[in-house]
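Colleague: sequence first, predicted coordinates after that:
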Amino acid sequence: MAVSFLHCQQPVRPVSRSCVSFSRREYGENNRKRSTFVVFASTDKVQGLIESIKWDDKGLAVAVAQNVDTGAILMQGFVNRDALVATLSSRKATFYSRSRSKLWTKGETSNNFINVFDIFLDCDRDSIIYLGKPDGPTCHTGSETCYFTSVFDLLEHSESGRNKLALTSLYSLESTIAQRKAEVEASQDGKPSWTKKLLRNSNLLCSKIKEEADELCRTLEEEEDKARAASEMADVLYHSMVLLALKGVKMEDVFQVLRKRFSQSGIDEKKNRPAQV
């Protein structure tokens, strides 16, 4: 179940409000509010939902912050009822510090807030996900997330694990392409690779993107099987990501654009695009 909340007026104690607005927001550049869909609900309903969570014997539940665009797990903390209500009100990820026995909002000292777009409860309602967009590095070490130590690296290199992010397949590919680009820019020969060849030859890269896109279309036109379509899409995606690397564009930027389009018709979106000069 996913819930999004916003107070109907300026934030005050939730228990004193007569209504709370459920809101699904979309944001444009610089997180400016673009459109809002609001449905009003009673405080009793909000309180009922909060009480339906299976808080432990200390009144706490685990809360995981996840990047809405990349899917990266940013951090994990604990929340109590007040921390959850504070998050619903402020739309900033707020936790409960067990060591200090107080609420704390991620970013209150660093300004690296996690702006919450949605909140998910698991099927047992004993853990929570804050789905949001971070303003900067989440970890106090300056890392993008708090998860950068591989257990397998620790086992293979007993002195320490290599620092690397827990990346999905897509972002592992993006990271590898970025590494190859850095090697090319530093004029490091290293191991020859197709990626480096593409990075050095824009004409070759663009011709491959067009070729692979055509082959993807032919899987539909010639009624080829799903495996073939997946293979051709992988080729299109890989070569397109090499182009994005050359342009300095991250997949996260692409996903942010897609997310902004979720709440509007594709036809309307195309009409509202700025004219090409």
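Modeller: Structure's in. What do you need? In this text, all values refer to a predicted model and were calculated from it rather than measured experimentally. Numbering: from 1, shown residues only.
Colleague: flag every buried residue along stretch 140-157.
Modeller: Buried positions in stretch 140-157, judged by neighbour count with 16 or more other CB atoms under 10 Å: 143, 144, 145, 146, 147, 150. C-beta here means a position set from N, CA and C on the backbone, and glycine is covered the same way.
Colleague: same question, stretch 99-106
Modeller: Neighbour counts over stretch 99-106 (16+ other CB under 10 Å) mark 103, 104, 105, 106 as buried.
Colleague: closest one of these to residue 115?
Modeller: residue 106 (10.0 Å; CB to CB).
Colleague: ok, that closest one - contacts?
Modeller: Applying CB atoms under 8 Å, 6 or more residues apart in numbering, one finds that residue 106 lies in contact with 65, 75, 77, 92, 93, 94, 95, 112, 113, 114, 138.
Colleague: most neighbours, which of those residues?
Modeller: In terms of neighbour count, residue 93 stands highest of these at 29 neighbours, by other CB atoms under 10 Å.
Colleague: how far away is the residue nearest to that one when sequence neighbours are not counted from residue 223?
Modeller: Closest residue in space to residue 93, ignoring its immediate chain neighbours: residue 114 at 3.9 Å, by CB to CB, 6 or more residues apart in numbering. Distance from residue 114 to residue 223, counting by CB to CB, to the nearest Å: 46 Å.
Colleague: over to residue 121?
Modeller: 43 Å.
Colleague: what about residue 187, how many neighbours?
Modeller: Neighbours of residue 187 using other CB under 10 Å come to 6.
Colleague: revised request: answer the last question for residue 135.
Modeller: Residue 135: 16 surrounding residues under other CB under 10 Å.
Colleague: in the stretch 1-150 of the chain, where is pLDDT below threshold?
Modeller: Residue ranges of the stretch 1-150 of the chain with pLDDT under 70: 1-42.
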